[in-house]
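Student: Prediction below, plus the sequence it came from.
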Amino acid sequence: MSSSTDINKKTNVSSTSSSSTSNNSSNDSNIIGEIQLERSLLKVPFECINKSFRISQKSIEKEMNNVITQITEINKKRLTISKDDAINTVDKLLTRVQQLKRKMEDVKLEEEQQIKKLKSRLSHLNIATNCQNQKDHREMFNNTRINRILIDYFLREGYYDSAIEFSNQLKIKDFVDIEIFLSSKKVVEGLNKFDCTEALNWCNENKSKLKKINSTLEFNLRIQEFIELVRLGKMMQAIAYAKVHISPNSSTNMKEIQRVAATLVFKKDTTCDRYKKLFDSKKWSELICQFKNDNFQLHSLSTKSMLDISLQSGLSVLKTSSCGDESTYNVNCPLCDPSFRALATSLPVSLQSHSSLVCRITGEIMNEDNYPMVLPNGNVFSKRAIIDMYKKQDKIIDPRSGNEYKLEELKRAYIS
């Protein structure tokens, strides 16, 4: 008896252990999948620190080279330069160095803020990886994550005030990148007003990074400024502008330059589609879209919002070949809603290795407790739907065909 009991105990312990191990491995795989979606959460502050370092390094090199050059010049003229001129030169150099110092202090403060953000985000992800079995910590992580996703969506859609207020109330400013979107706001507003000035300044500030990603934004902005000069009839100014800003790109964009140059002849009222498109106001919307994508890429942000990505991830599992067919409408299926269906348009049909019967009336799964009932015309509905219908109207009406039947005429279907 005792040996039998020991064997049973060992078996129970073994099964419990294997069950917990499988659950833990399942949780670990889910967490790994979630963390992979959070790449930009850590990458963004890192890129901001990197950018800040590069700017400060260039500023220091530029100013110190200037200081050294000025000191060298003074040394060369030490026998001829007057005392007052030497003092003035030194005073100017001291002023420039002090300005550089203040600038570096601002850079240091910005870097400290980004490091603080990075630490907060690492702590946030640490909760997900090390405390996933603790319900309170898991719920806290999920709630914070949902709020972050919503704020990110607000910022991308231009609801800046709502995003700022929301982040302040929830005290999660360290988890969202409001500054990046606010800095890009000026550029977007400028392009909406048909002005490329802010966008060109942004391109100049990020020239090296844009070159690395092979961006054509600056070239397209220059083309647009040329087109606007042609639109205003300022042909000589347009030609002069093209010589300075567009011709340097002739080795890589000659065909596009030739096409744009032809607008000097065809002008804004042309009916030729090839050149008429260049004067279309939609070009400004395309520039805004390109700027946003380049800005996201420079800061390691995804081009789509995390809200879209998360929703599409879930919808991709639900999408079947019958989605969009009104005859298969299910009240509980998200993809039967027009808004979700539009979001899932580009998604592939999911591979369903196991299928289940779903009642078209209630949206519930049909099983042994809620078995399927077959009408004489062959349509199938769940037992609960049929009983509820019979209780309300003392008869069975097929919602698809409108035919009426008696309860006795229905038959139970067996799932094999």
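Tutor: That came through fine.
Student: only C-alpha atoms for contact and neighbour calcs from this point on.
Tutor: Fine.
Student: And the strands in this protein?
Tutor: With DSSP state E, the ranges of strands along the chain come out as 372-374, 380-382, 396-397, 404-405, 411-412.
Student: Please work out which of the ones you listed is packed deepest.
Tutor: Most buried of those, by mean neighbour count (mean count of other C-alpha atoms under 10 Å): strand 380-382, with a mean of 24.
Student: Any figure for the gap between residue 195 and residue 98?
Tutor: Distance check for residue 195 against residue 98: by C-alpha to C-alpha, to the nearest Å, it reads 35 Å.
Student: Which of the two has more residues huddled nearby?
Tutor: When neighbours are counted by other C-alpha atoms under 10 Å, residue 195 and residue 98 differ, and residue 195 comes out ahead with 18 against 12.
Student: what's the more buried one in contact with, if anything?
Tutor: By C-alpha atoms under 8 Å, 6 or more residues apart in numbering, the contact set of residue 195 is empty.
Student: can we see that at 10 Å?
Tutor: Taking C-alpha atoms under 10 Å, 6 or more residues apart in numbering as the criterion, residue 195 is in contact with 187-189, 221, 224-225, 228, 284.
Student: What of residue 330?
Tutor: 323, 336-337, 358-364.
Student: Next, the contact list for the nearest residue to residue 162 once chain neighbours are set aside, please.
Tutor: Take residue 162 and drop its neighbours on the chain: the residue closest to it by C-alpha to C-alpha, 6 or more residues apart in numbering is residue 154, 7.1 Å away. Listed by C-alpha under 10 Å, 6+ apart, the contact set of residue 154 reads 148, 160-164, 166, 305.
Student: any chance of the residues you listed in CSV, with neighbour count and pLDDT too?
Tutor: Putting the contacts of residue 154 into CSV (neighbours: other C-alpha atoms under 10 Å; pLDDT from 0 to 100) gives the following:
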residue, neighbour count, pLDDT
148, 24, 91
160, 18, 91
161, 11, 92
162, 13, 93
163, 21, 93
164, 17, 93
166, 18, 92
305, 17, 87
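Student: In these, find the pair that's most separated.
Tutor: Largest separation among the contacts of residue 154 by C-alpha to C-alpha: 161 and 305, giving 18.0 Å.
Student: re the thing from before, any of the contacts of residue 195 buried? List them.
Tutor: Neighbour counting by 16 or more other C-alpha atoms under 10 Å classes 187-188, 221, 224-225, 228, 284 among those as buried.
Student: export those residues to a markdown table and tack on distance to residue 380 and pLDDT?
Tutor: Shown next, in a markdown table, are the buried ones among the contacts of residue 195 (distance: C-alpha to C-alpha, whole Å; pLDDT from 0 to 100):
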| residue | distance to residue 380 | pLDDT |
| --- | --- | --- |
| 187 | 58 | 94 |
| 188 | 55 | 93 |
| 221 | 61 | 95 |
| 224 | 61 | 95 |
| 225 | 64 | 94 |
| 228 | 64 | 93 |
| 284 | 54 | 94 |
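Student: and which of those is nearest to residue 85?
Tutor: residue 187 (43.7 Å).
Student: Grab the longest helix from the chain for me.
Tutor: Counting residues, the longest helix found in the chain (DSSP state H) is helix 83-130.
Student: So residue 58 versus residue 136, what's the distance?
Tutor: The gap separating residue 58 from residue 136 is 47 Å, by C-alpha to C-alpha.
Student: pretty sure residue 332 is in contact with residue 363, am I right?
Tutor: Yes: counting by C-alpha atoms under 10 Å, residue 332 does reach residue 363; the two are 5.3 Å apart.
Student: Where does the prediction get shaky in the stretch 201-350 of the chain?
Tutor: Residue ranges of the stretch 201-350 of the chain with pLDDT under 70: 324, 326-328.
Student: Quick one: the helices in it, in order.
Tutor: Assigned by DSSP state H, counting those that start in this stretch, the stretch 201-350 of the chain shows helices spanning 207-212, 217-231, 235-241, 250-261, 263-266, 273-276, 282-298, 306-318, 338-343.
Student: right, so of those, which gets closest to residue 173?
Tutor: Across these, closest to residue 173 is helix 306-318 (C-alpha to C-alpha), at 16.9 Å.
Student: and that closest one, what does it pack onto?
Tutor: Applying 3 or more C-alpha pairs under 10 Å, 6 or more residues apart in numbering; DSSP states H and E, we find helix 306-318 packed against helix 135-156, helix 338-343.
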